[in-house]
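**Q** structure, please.
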Amino acid sequence: MSPDETLSPREIEIATAYAQGDTYQAISARLGIAPSTVRTHLATIYRKLEVSSKLDLHARLGGALPTSEMQTDHAAVISELALSLEESLRREQALAEVLRIISRSRGNVDAVMSSILGFALDLCEAEFGILFEHSGQGRYAASHTRGIPEPFRDWLDTQGIFTAGPRTGLGRLAASHAVVNIYDVRAEEIFQTDDPLRYATAMLGGARSFVAIPMMSSDSLVGAFTIYRQSVRPFGAQATTLAQTFADQSVIALDNARMIGALRQEPPPA
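**A** This next block holds a predicted model:
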């Protein structure tokens with residue numbers, strides 16, 4: 001059977017976009033669904049079309065016949081392994097690209113941070129991300145954002161440097177210098193209080209699950225790398241590890257930008 005006969009219209013739309021190179025994040029943004037939903041659709045698409053790679057998918061959409069008959073009880077396993085392998089390759093490519101961007105940034109930290117956040121959102125299947133710079137004593141400012149809802153961004157811009165309450169994710173991170181993984185921002189007791197940051201995060205940002213990674217330079221906390229999902233889908237160990245990697249790269253980018261800025265300000269030799 002042809003893909004048009006095998007797949008639903010939504011599955012054809014997702015399959016076509018993925019085969020043409022779109023990421024989970026790009027597809028989810030265009031269709032208004034979660035990145036995890038995109039992945040679930042793709043696993044079904046791979047099983048239905050009996051493909052085991054993006055190249056096979058592209059060929060099948062172009063009219064090629066299945067290369068083999070997959071047994072029904074093996075099809076789901078094969079589709080899952082195929083997607084997992086492709087995701088591993090994407091992670092390796094993304095990390096290599098981040099290092100390349102940092103090495104060629106020439107101090108353009110805004111472009112670097114936008115790229116790092118973009119890769120993190122895509123690979124961690126998150127809707128938006130914020131890099132908070134830490135000013136000491138639990139005070140933060142949102143210095144870089146990606147995909148953030150406009151009402152939440154406007155609120156953060158208005159706050160400037162603010163003090164995060166001790167029971168918020170950022171407050172707990174400032175005290176512990178450890179990862180803070182919140183399963184549901186509305187389920188914690190602090191949501192029932194008048195804490196302004198938690199209210200803005202949940203109501204203006206629409207965030208539900210959230211992970212905050214400490215950005216450390218030597219023993220000093222310099223910021224928090226945060227990514228958010230707008231549905232209750234807690235971040236697992238793999239996503240948290242990925243976010244930690246991107247947080248570490250962000251610290252390198254910030255340090256590079258500061259060094260380049262300092263060099264540019266030095267007077268030329270006599």
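**Q** and the next helix or strand past the lowest-mean-pLDDT helix or strand in the chain?
**A** Ranking every helix and strand in the chain by mean pLDDT, DSSP states H and E puts helix 72-103 at the bottom, with a mean of 61. Sequence-wise, the next helix or strand downstream of helix 72-103 (DSSP states H and E) is helix 109-123.
**Q** output the contacting helices and strands for the following helix or strand past that following helix.
**A** Downstream of helix 109-123, the first helix or strand assigned by DSSP H and E is strand 128-136. Here strand 128-136 touches helix 109-123, strand 139-146, strand 220-229, going by 3 or more CB pairs under 8 Å, 6 or more residues apart in numbering; DSSP states H and E. In this view, the C-beta of every residue, glycine as well, is placed from N, C-alpha and C.
**Q** show me which positions of strand 128-136 end up buried.
**A** In terms of neighbour count (16 or more other CB atoms under 10 Å), strand 128-136 has its buried residues at Phe128, Gly129, Ile130, Leu131, Phe132, Glu133, His134.
**Q** ditto for stretch 151-163
**A** Quick answer for stretch 151-163 (16+ other CB under 10 Å): Phe152, Arg153, Trp155, Leu156, Phe162, Thr163.
**Q** so where is the stretch 151-270 of the chain shaky, pLDDT-wise?
**A** Residue ranges of the stretch 151-270 of the chain with pLDDT under 70: 256-270.
**Q** which stretches of it form helices?
**A** Using DSSP state H, counting those that start in this stretch, the helices found in the stretch 151-270 of the chain span residues 169-176, 196-199, 237-265.
**Q** so what's the residue count around Arg186?
**A** Arg186 has 15 neighbours, counted by other CB atoms under 10 Å.
**Q** ok, now how distant is it from Leu55?
**A** Arg186 sits 42 Å away from Leu55, taking CB to CB, to the nearest Å as the criterion.
**Q** same check on Ser176?
**A** According to CB to CB, Ser176 stands 45 Å off from Leu55.
**Q** for Thr201, same thing?
**A** According to CB to CB, Thr201 stands 41 Å off from Leu55.
**Q** distance to Ala26 and pLDDT for the buried residues of strand 128-136 - can I get that in TSV?
**A** TSV is the format used below for these (distance: CB to CB, whole Å; pLDDT from 0 to 100):
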residue	distance to Ala26	pLDDT
Phe128	14	95
Gly129	15	96
Ile130	20	96
Leu131	21	94
Phe132	25	96
Glu133	28	94
His134	31	95
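**Q** and these, which is closest to Met113?
**A** Leu131 (5.7 Å; CB to CB).
**Q** what residues are up against the closest one?
**A** Shown in contact with Leu131 (CB atoms under 8 Å, 6 or more residues apart in numbering): Met113, Leu117, Ala142, Ser143, His144, Thr145, Met215, Gly223, Ala224, Phe225, Thr226, Ser250.
**Q** look up the closest residue to it, ignoring the ones flanking it.
**A** Using CB to CB, 6 or more residues apart in numbering and skipping residues adjacent in sequence, the residue nearest Leu131 is His144, 4.1 Å away.
**Q** quick one: that neighbour and Gln137, what's the gap?
**A** As judged by CB to CB, His144 and Gln137 stand 22 Å apart.
**Q** quick one: which of the two has more around it?
**A** His144 (21 against 7).
**Q** next one, pLDDT for the residue positioned nearest the centre of the chain please.
**A** What sits nearest the mean C-alpha location of the chain, by CA atoms, centre = their mean, is Leu121, with 1.5 Å. The per-residue pLDDT reported for Leu121 equals 89.
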